[in-house]
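1. here is a sequence with its predicted model. Questions after.
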Amino acid sequence: MIRLDSIGKSYGGVQAVDGVSLHIARGEFVLLIGASGSGKSTLLKMINRLVEFDRGTLTFDGADIRTLKPEDLRRRLGYAIQSTGLFPHWTVARNIATVPRLLGWPAARTAARVDELLTLLNLDPATYRGRWPHQLSGGQQQRVGVARALAADPEVLLMDEPFGALDPPGRAAMQAEMARIHQSTGKTIVMVTHDIDEALRLATRIVLMDRGRIVQAGTPAQLLEQPASEFVSDFFGRGEIGLKRLGLHGVAGILRGVEETEGPPVSASLTQREALSMMLLRRTDRLAVVGDDGRLLGTVLLRDLVLRGPDGRDG
Amino acid sequence: MAAMAEAGIAAPARLRPWWRDPLPWAAAALAALVLGMARLEPLFAALFPALDRPLYAQSTFLALFVSHVVLVALSSAVSLAVGLAAGIFVTRPAGREFRPLVDTLVAIGQTVPPVAVLAIAAPLIGFGAAPALIALALYGLLPIVRGTVAGLESVPAEVLDAASGLGLSAWQRLWHAELPLALPVLLAGVRTSVIVNIGTATVASTVGASTLGSPIIVGLSGYNTAYVIQGALVVGLLAIVTDLAFERAGRRLGRWRQVG
């Protein structure tokens, strides 16, 4: 879908992006992560030509992006940014309709799409359609920002630290929305973040960058379990990698039969890390697990969390 | 919070009964004075018994008012067109280098008093409305250029980033995002420019342009205080009505803005 080949860019002698090659396949959820100044944001903006690269080639859907008109390219790539950049003089509906209007959609189709997207992002269309951006909370603004990026059903969604300005509950809620949207639409998403947990939670692939280069790219499990260098294990917090690994997997994979337990049962959607935390909190070594319907599914044991591989293999 | 603050600011204006709104009263007083100045002759005769002719009668106040308004409107239109174009140009990547030059030129235009521009222009292009038009247009340029530049620079960077990233062309970005967001600040510049020009246009009668300054100039040179008062009253009311109207328009434009 997107192929970067030896991409480079320097600002006044400093290599902002240095020989980056990366292939992003259709349907991937790629998280570009790294410290400030690692070049992750610059790399993202090269994909929609907000930043021009000076070396290498970048193709989108087989076409060299330098042969495409920037405006046409950008209308095929949804774009959402940290402080949302909502147009303050337009209502929520008009904001979401930005790209459909640029593309000349009929008004009825645009209006229907706006309501569809508001519903998708859990905002009641009748309530929010006519509001001004300043009347919304930060989280609601970000929902509208994402809806606007998705409006014309772009092939790819580019997101530049979209949830950086949200408080932790708002961020968690938006991450859940994005996971759901990625699953239900199968869109290719490229997101920049500096939040390690966000990357581990959402990514099908993490691309870790440092000083303009890719240090390692792979699934969250690969980066945690087979770090390519000291830098990678340091970045993910050497002391917490074990816990972070547990966070990648749900308790459903290591359930045993129903046993006698104390305390109320927990949900099967918990990660193994959350289950461990719950055990520490309750000072117990086993938890009963129930499904969404409240039916008892089985038991998680402390020794399974610790001794078995996260996917249930004996480790 | 924001919604409450907005209600707190906007509600008094909306709930204020119409007869407590100064705009219609000021406009009515202006119309009455322009149309009915002749009827006040006995009043001025009583106030200034020493004067033979207590009412300015070389032309009607309606004619003076119309030519004054036309002169201000034309010069402001020129200032607006030139100032807007200059302000937009120096905030584009291509025109950024010209910013200091334009700033300097515009500042010079403001520093030279309009009387001096009139004094230079009159011998060159003759007497009448043309030199007045040029002097006023030059003089009114500065607030408009400043307002345009300040307005365009006040547009948040993330809005520009989003606009470009969503695929608006440079012109679409200017038209749909930058100018509407710059408009409140821009309008403040236009307001200053027009109000200043309403006052300055009175001086233009010294080079033969017929304006509401004519009774004032004639009155001053002929020791006729009544003429001065008649001209000054109408000009003053015109400035007040215009200012109130701009204020009203500005409030309407800013309704999407976050208050506080």
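-> Yep, it's here.
2. which residue sits closest to the residue in the stretch 101-250 of chain B that chain A sits nearest to, ignoring its sequence neighbours?
-> Checking the stretch 101-250 of chain B residue by residue against chain A with Cβ to the nearest Cβ singles out B:Ala162 as nearest, at 2.8 Å. C-beta: built from backbone N, CA, C; applies to glycine. Nearest in space to B:Ala162, with sequence neighbours left out and distances taken as Cβ to Cβ, 6 or more residues apart in numbering or on different chains, is A:Gly85 at 2.8 Å.
3. that neighbour: what secondary structure?
-> In terms of secondary structure, A:Gly85 is coil; the call rests on DSSP: H, G, I helix; E, B strand; the rest coil.
4. which residues touch it?
-> If a contact means Cβ atoms under 8 Å, 6 or more residues apart in numbering or on different chains, then A:Gly85 has A:145, B:156, B:158-163, B:165 as its contacts.
5. and which of those is nearest A:Arg74?
-> Relative to A:Arg74, the closest of those is B:Gly165; by Cβ to Cβ it sits at 6.1 Å.
6. extract the C-alpha set from stretch A:174-188 and format it as PDB.
-> Listed next in PDB are the C-alpha coordinates belonging to stretch A:174-188 (Å, rounded to 0.1, in the frame of the first residue of the first chain):
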ATOM      1  CA  MET A 174     -10.100   6.900  22.100                       C
ATOM      2  CA  GLN A 175      -7.600   4.000  21.900                       C
ATOM      3  CA  ALA A 176     -10.500   1.600  22.300                       C
ATOM      4  CA  GLU A 177     -12.400   3.500  19.500                       C
ATOM      5  CA  MET A 178      -9.400   3.200  17.200                       C
ATOM      6  CA  ALA A 179      -9.000  -0.500  17.900                       C
ATOM      7  CA  ARG A 180     -12.700  -1.000  17.100                       C
ATOM      8  CA  ILE A 181     -12.600   1.200  14.000                       C
ATOM      9  CA  HIS A 182      -9.500  -0.700  12.700                       C
ATOM     10  CA  GLN A 183     -11.200  -4.000  13.300                       C
ATOM     11  CA  SER A 184     -14.500  -3.000  11.700                       C
ATOM     12  CA  THR A 185     -13.200  -1.100   8.700                       C
ATOM     13  CA  GLY A 186      -9.900  -2.900   8.000                       C
ATOM     14  CA  LYS A 187      -8.300   0.500   7.200                       C
ATOM     15  CA  THR A 188      -4.600   0.900   6.900                       C
END
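7. in that stretch, what's buried?
-> Neighbour counts using 16 or more other Cβ atoms under 10 Å in any protein chain shown place A:174-175, A:177-178, A:181-182, A:187-188 of stretch A:174-188 among the buried residues.
8. for the residue of the stretch 101-250 of chain B closest to chain A, what are phi and psi?
-> B:Ala162 has phi and psi values of phi -60, psi -40 when expressed as degrees, to the nearest 10.
9. now A:Arg295
-> phi -80, psi 140.
10. measure it to chain B for me?
-> As judged by Cβ to the nearest Cβ, to the nearest Å, A:Arg295 and chain B stand 45 Å apart.
11. any idea how many residues pack against that residue?
-> For A:Arg295, the neighbour count with other Cβ atoms under 10 Å in any protein chain shown is 9.
12. check the offset of stretch A:105-125 from the chain's centre.
-> Taking Cα atoms, centre = their mean, to the nearest Å, one finds the center of stretch A:105-125 at 23 Å from the center of the full chain.
13. oh sorry, the question was meant for stretch A:202-222
-> Centroid separation between stretch A:202-222 and its chain, computed with Cα atoms, centre = their mean, is 13 Å.
14. same check, this time on stretch B:112-128
-> From the chain centre to the centre of stretch B:112-128 is a distance of 21 Å (Cα atoms, centre = their mean).
15. who touches that stretch?
-> Here stretch B:112-128 makes contact (Cβ under 8 Å, 6+ apart) with B:130-132, B:134-136, B:138-139, B:200, B:203-204, B:206-209.
16. now A:Thr98: closest residue in space, sequence neighbours ignored.
-> With sequence-adjacent residues excluded and distances taken as Cβ to Cβ, 6+ apart, A:Thr98 is closest to B:Leu166, at 5.4 Å.
17. and that neighbour, how many neighbours does it have?
-> Other residues near B:Leu166 come to 28 when the count uses other Cβ under 10 Å.
18. likewise for A:His194?
-> 16.
19. I'd like to know how far it sits from chain B.
-> From A:His194 over to chain B the distance is 17 Å, taken as Cβ to the nearest Cβ.
20. need the longest helix for chain A.
-> When chain A is scanned for its longest helix (criterion: DSSP state H), the result is helix A:168-185.
21. for it, packing partners?
-> Counting contacts by 3 or more Cβ pairs under 8 Å, 6 or more residues apart in numbering or on different chains; DSSP states H and E, helix A:168-185 packs against helix A:138-150, strand A:188-193, helix A:196-202.
22. what residues does the following helix or strand past the longest one touch?
-> Read it as helix A:138-150. For helix A:138-150, the succeeding helix or strand toward the C-terminus, using DSSP states H and E, is strand A:156-160. With Cβ under 8 Å, 6+ apart as the contact definition, strand A:156-160 has outside contacts at A:1-2, A:41, A:44-45, A:47-48, A:60, A:76-82, A:146, A:149-150, A:187-192, B:165.
23. got the angle between strand A:156-160 and helix A:138-150?
-> What separates the directions of strand A:156-160 and helix A:138-150 is an angle of 140 degrees, with axes from the mean of the first three to the mean of the last three Cα atoms, to 10 degrees.
24. and strand A:156-160, which strands flank it?
-> Strand pairing for strand A:156-160, using DSSP bridges, gives strand A:77-81 (parallel), strand A:188-193 (parallel).
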